[in-house]
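K.L.:
have a look; sequence and predicted model below, questions after that.
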Amino acid sequence: MIKSFKTEKKIEKLVSITYFFFSHEIFLYLFFYLATKCRLKKKEMIKALEQKEIELSNINFELRSITNELNEEYLKLRQLLLLHVPCKCDMIQEYLRKLTDC
């Protein structure tokens with residue numbers, strides 16, 4: 001009876017050690033899996049942000065070019081208007097007065 005008690009204790013100890021290593025191994029595998037999943041998600045997020053940056057840069061470039069075109073058109077129209085200084089049209093004279101008042 002004494003021998004079997006010692007044997008049972010050894011078996012229990014062996015089972016607990018095996019369970020510990022087994023659970024630790026599962027924990028490491030789970031940790032590796034979750035870390036890999038997190039890295040992949042981070043890469044996807046970075047890729048999405050880079051794509052969004054490219055799209056916004058293209059939109060910004062287009063808007064800047066439109067702004068430059070509109071400024072050039074404004075300057076041309078203003079020059080055309082200034083050619084009409086001798087004209088007797090009331091609207092043109094009023095606009096020119098407003099320009100000189102500013």
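P.N.:
Alright, I've got the coordinates.

K.L.:
how about the helices in this structure?
P.N.:
Here the chain has its helices, by DSSP state H, at 2-82, 90-101.

K.L.:
which of those has the lowest mean pLDDT?
P.N.:
Lowest mean pLDDT of the helices of the chain: helix 90-101, a mean of 81.

K.L.:
quick one: it to chain centroid distance?
P.N.:
Relative to its chain's centre, helix 90-101 lies at 48 Å (Cα atoms, centre = their mean, to the nearest Å).

K.L.:
what's next to it, contact-wise?
P.N.:
Residues outside helix 90-101 that contact it (Cβ atoms under 8 Å, 6 or more residues apart in numbering) are L81, L82, H84, V85, C87. Glycine gets a C-beta too; all of them are placed from N, C-alpha and C.

K.L.:
repeat the analysis, applying 6 Å as the threshold.
P.N.:
H84 (Cβ atoms under 6 Å, 6 or more residues apart in numbering).

K.L.:
can I get that helix in PDB, CA atoms only?
P.N.:
Output of helix 90-101 as PDB, limited to C-alpha atoms (Å, rounded to 0.1, in the frame of the first residue of the first chain):
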ATOM      1  CA  ASP A  90     -22.000 102.300 -65.100                       C
ATOM      2  CA  MET A  91     -21.400  98.800 -63.900                       C
ATOM      3  CA  ILE A  92     -17.800  98.800 -65.000                       C
ATOM      4  CA  GLN A  93     -17.200 102.300 -63.500                       C
ATOM      5  CA  GLU A  94     -18.700 101.100 -60.200                       C
ATOM      6  CA  TYR A  95     -16.600  98.000 -60.000                       C
ATOM      7  CA  LEU A  96     -13.500 100.000 -60.700                       C
ATOM      8  CA  ARG A  97     -14.300 102.400 -57.900                       C
ATOM      9  CA  LYS A  98     -14.700  99.500 -55.600                       C
ATOM     10  CA  LEU A  99     -11.300  98.200 -56.600                       C
ATOM     11  CA  THR A 100      -9.700 101.500 -56.000                       C
ATOM     12  CA  ASP A 101     -11.400 101.900 -52.600                       C
END
